[in-house]
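Undergrad: coordinates only, no sequence provided:
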């Protein structure tokens, strides 16, 4: 940073922050959120090798915004900044390539930000669902996918798996109950991490 930036000050609740105070604020308020931010980025962005760069870009945006006005509440500002940065990166990815974006459907949407945000949120929900599905026993997962994703009947599932229809119903009931519980636990953990 230059000498001019060393004397830079911002107003925050009537206080002026020097560069050193701003740096201390950043270390005290932003850096502790790094783990949660990194988890969010890993869930939201397919190109895992870009996560560190994305996080650094977000830090720069937060720091620059704090030069003007220190944000409050901090956590909400960090995750809103991260979401907006990912949306901008997804838009830019139209020319970068399809593999760098986890939310492939968003590539076709250029101008409608609310729609893009809804798609990113939906994609995050699908990733959480996939994570939860992966935690189910294989037979339960197979039955759920065949029934709810592929639309097969219980008799078709029974024939494919070589089990009876009542057994399919039993697996399906157990899987749905477990899936609902795991999905709820996953959502609660995410909400707790974002608090």
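TA: It's in. This one's a predicted model, so the numbers in the text were calculated from it and none came from an experiment.
Undergrad: please parse this structure into its domains.
TA: Domain ranges of the chain: 3-100, 135-193, per automatic domain parsing.
Undergrad: out of those, which comes closest to residue 123?
TA: Comparison of the domains of the chain against residue 123 by Cβ to Cβ identifies domain 3-100 as nearest, at 7.7 Å. Backbone N, C-alpha and C define where each C-beta goes, glycine included.
Undergrad: so how far is that closest one off the chain centroid?
TA: 15 Å (Cα atoms, centre = their mean, to the nearest Å).
Undergrad: circling back: quick one: the domains of the chain as CSV, columns for mean pLDDT and distance to residue 127 too.
TA: Listed next are the domains of the chain as CSV, based on pLDDT from 0 to 100; distance: least, Cβ to Cβ, whole Å:
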stretch, mean pLDDT, distance to residue 127
domain 3-100, 78, 6
domain 135-193, 82, 10
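Undergrad: now the ones you listed in TSV, with mean neighbour count and distance to residue 126?
TA: Listed next are the domains of the chain as TSV, based on neighbours: other Cβ atoms under 10 Å; distance: least, Cβ to Cβ, whole Å:
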stretch	mean neighbour count	distance to residue 126
domain 3-100	15	11
domain 135-193	15	11
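Undergrad: skipping adjacent residues, who's closest to residue 164 in space?
TA: residue 158 (5.9 Å; Cβ to Cβ, 6 or more residues apart in numbering).
Undergrad: against residue 166, how distant is that neighbour?
TA: 9 Å (Cβ to Cβ, to the nearest Å).
Undergrad: any chance you could map the helices in the chain?
TA: In the chain, the segments counted as helices under DSSP state H are 3-6, 19-25, 34-44, 51-68, 74-96, 113-134, 138-144, 154-161, 165-193.
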